[in-house]
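Trainee: Provided below for reference: sequence and predicted model.
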Amino acid sequence: MGETILEVKGLQTHFFTDDGEIPAVNKVDFHVDKGEVLGIVGESGSGKSVTSLSVMGLVPKPPGKIVGGEINFKDENLVNASEKRMRQIRGNEIAMIFQEPMTSLNPVFTIGNQLIEAIRLHNKWDKKKAKARAVEILKLVGLPRAEELIDEYPHQLSGGMRQRVMIAMAMACDPEVLIADEPTTALDVTIQAQILELMKDLNKNRGTAIMLITHDLGVVAEMCQRVAVMYSGNIVEEGTVKQIFKEPKHPYTVGLIKSVPDMTSKRERLYSIPGSVQKPGSIKVGCPFAPRCEHAFDRCVSETPALLEAGDEGQKVSCWLHHD
Ligand SMILES: Nc1ncnc2c1ncn2[C@@H]1O[C@H](COP(=O)(O)OP(=O)(O)OP(=O)(O)O)[C@@H](O)[C@H]1O
Ligand code: SF4
Ligand SMILES: [Mg+2]
């Protein structure tokens, strides 16, 4: 096991809405080791984005608030960090790329402005040197006409190009952790493969640890060393890619794996998990997956299972089938 760079412990991020308090992230524990790629998977609404926004200090406040837990980045608990400190961290140490890059690129500044600013924030170089580096990075991420592109605005670029610019920004900052929230979902398959390749380079060549959020298990198999499976605001299983794909333990993970189209089988219809994700917090006691679980028994509705080690070393699951 490597050295941990980011450790999330008992994280609780709640939304205070007219319908009441929603525990979108409900005591979540996970860690990211230096230089590794951790995948986070789960159906829509399971709390993946709120978890990453919590780490970045970007939960919309109100209605959201971190009400408990720790986010330990190196020696610092980010839950207690000031907004000023979080801005430093976001520019330098932890970067995030989103599904839709327009949300993080500023439409009123040129690509060059934004990239050069990121570089200068990090390196304290003069403008000329920073500009040369910006052009170099744009070329590195495979963008054509880098010298001209630098004077263009985000809306003049295609979605794939904008995502490359976001990766260029991440490279400019040289962060220790990169959080990528569905970075390729909006892109076509060829571009998707290229963007994933760039992220792999970043990980291999610079040792950037990556937290990769995706609903695509193919991407997980290709990119990640470990996976955390989220369901209704909780992590329900965690393990190496091999453990999760070969020996999934939680019935929800088993369902997710089964729902991946398998080219080799003769199965006619794709399996999908019956029912839909419960609104976080709607199940007060017991296993949140119980209403959809074909193995549910008495204990599942009377006691909440904790995420505990089961099976091979390091694999963890929150399910009564695997605990005494
Ligand atoms: N601004 C908000 N106000 C109120 N509740 C919110 C808000 N944002 C998120 N939530 C709650 O948090 C839950 C988790 O949302 P989140 O965006 O983290 O899901 P996700 O796993 O990223 O889903 P997706 O795969 O669709 O991106 C939602 O189901 C919703 O209940
Ligand atoms: S604890 Fe019970 S309901 Fe929950 S996943 Fe396990 S068997 Fe199913
Ligand atoms: Mg999301």
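Mentor: That came through, no problem. Ligands and ions are numbered 1, 2, ... in the order given.

Trainee: CA atoms for contacts and neighbours, from now on please.
Mentor: OK.

Trainee: Give the burial count for residue 89, as a bare number.
Mentor: 18 (other Cα atoms under 10 Å).

Trainee: Going by secondary structure, it is in what exactly?
Mentor: In the assignment (DSSP states H and E), residue 89 maps to helix 83-92.

Trainee: and if you look at residue 242?
Mentor: Short version, using DSSP H and E: residue 242 is in helix 241-246.

Trainee: Extract the CA atoms of that helix and return them as PDB.
Mentor: The C-alpha coordinates for helix 241-246 follow below in PDB (Å, rounded to 0.1, in the frame of the first residue of the first chain):
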ATOM      1  CA  VAL A 241     -10.200  -3.300  -9.700                       C
ATOM      2  CA  LYS A 242      -9.500  -7.000  -9.700                       C
ATOM      3  CA  GLN A 243     -11.400  -7.600  -6.500                       C
ATOM      4  CA  ILE A 244     -14.400  -5.600  -7.600                       C
ATOM      5  CA  PHE A 245     -14.600  -7.000 -11.100                       C
ATOM      6  CA  LYS A 246     -13.800 -10.600 -10.300                       C
END
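
Trainee: So which helix or strand of this protein has the lowest pLDDT on average?
Mentor: helix 159-173 (a mean of 86; mean pLDDT, DSSP states H and E).

Trainee: Identify the residues contacting it?
Mentor: With contact meaning Cα atoms under 8 Å, 6 or more residues apart in numbering, helix 159-173 is reached by 91-93, 95-97, 100-102, 105, 111, 115, 118-119, 122, 134, 137-138, 141-143, 154, 178, 183, 186-187, 191, 195, 198-199, 202.

Trainee: mean confidence for the helix holding residue 89?
Mentor: Per-region confidence: helix 83-92 scores 89 on mean pLDDT.

Trainee: Run the angle between that helix and helix 159-173 for me.
Mentor: Per axes from the mean of the first three to the mean of the last three Cα atoms, to 10 degrees, the angle that helix 83-92 makes with helix 159-173 is 110 degrees.

Trainee: I'd like to know how many residues surround residue 148.
Mentor: 11.

Trainee: Can you name every helix or strand that the helix or strand encompassing it contacts?
Mentor: If you go by DSSP H and E, residue 148 is part of helix 146-149. If you count contacts as 3 or more Cα pairs under 8 Å, 6 or more residues apart in numbering; DSSP states H and E, helix 146-149 packs onto helix 127-140.

Trainee: contacting residues for the closest residue to residue 307 other than its chain neighbours?
Mentor: Closest residue in space to residue 307, ignoring its immediate chain neighbours: residue 318 at 4.1 Å, by Cα to Cα, 6 or more residues apart in numbering. Contact analysis of residue 318 by Cα under 8 Å, 6+ apart lists 235, 236, 237, 250, 305, 306, 307, 308.

Trainee: what subset of those is also close to ligand 2?
Mentor: residue 250 (Cα under 6 Å from any ligand atom).

Trainee: is it fair to say residue 215 lies in a strand?
Mentor: No - counting by DSSP: H, G, I helix; E, B strand; the rest coil, one finds residue 215 to be coil, located in no strand.

Trainee: Kindly provide the distance from the residue nearest to the spatial centre of the chain to residue 290.
Mentor: Centroid check for the chain by Cα atoms, centre = their mean gives residue 213 as the closest residue, at 3.3 Å. Remark: distance between residue 213 and residue 290 (Cα to Cα, to the nearest Å) = 25 Å.

Trainee: tell me the SS of residue 142?
Mentor: Per three-state DSSP, the local secondary structure of residue 142 is coil.

Trainee: Count the residues that sit near the closest residue to it other than its chain neighbours.
Mentor: Spatial nearest neighbour of residue 142, chain neighbours left out: residue 164 (7.7 Å); criterion: Cα to Cα, 6+ apart. For residue 164, the tally of surrounding residues (other Cα under 10 Å) stands at 24.

Trainee: Distance check, the residue of the chain most remote from its centre against residue 16.
Mentor: Using Cα atoms, centre = their mean, the residue of the chain lying farthest from its centre is residue 128. It sits 34.5 Å away. Noted for residue 128: a distance of 47 Å to residue 16, by Cα to Cα.

Trainee: next one: residue 4
Mentor: 32 Å.

Trainee: what does the stretch 1-150 of the chain have sitting close to ligand 1?
Mentor: Counting by Cα under 6 Å from any ligand atom, the stretch 1-150 of the chain sits next to ligand 1 at 15, 24, 43, 44, 45, 46, 47, 48, 49, 50, 63.

Trainee: so where's the stretch 201-324 of the chain uncertain?
Mentor: 262-271 (pLDDT under 70).

Trainee: contacting residues for the closest residue to residue 110 other than its chain neighbours?
Mentor: Counting by Cα to Cα, 6+ apart, residue 110 lies nearest to residue 153, which is 4.4 Å off, once chain neighbours are set aside. By Cα under 8 Å, 6+ apart, the contact set of residue 153 is 107, 108, 109, 110, 111.
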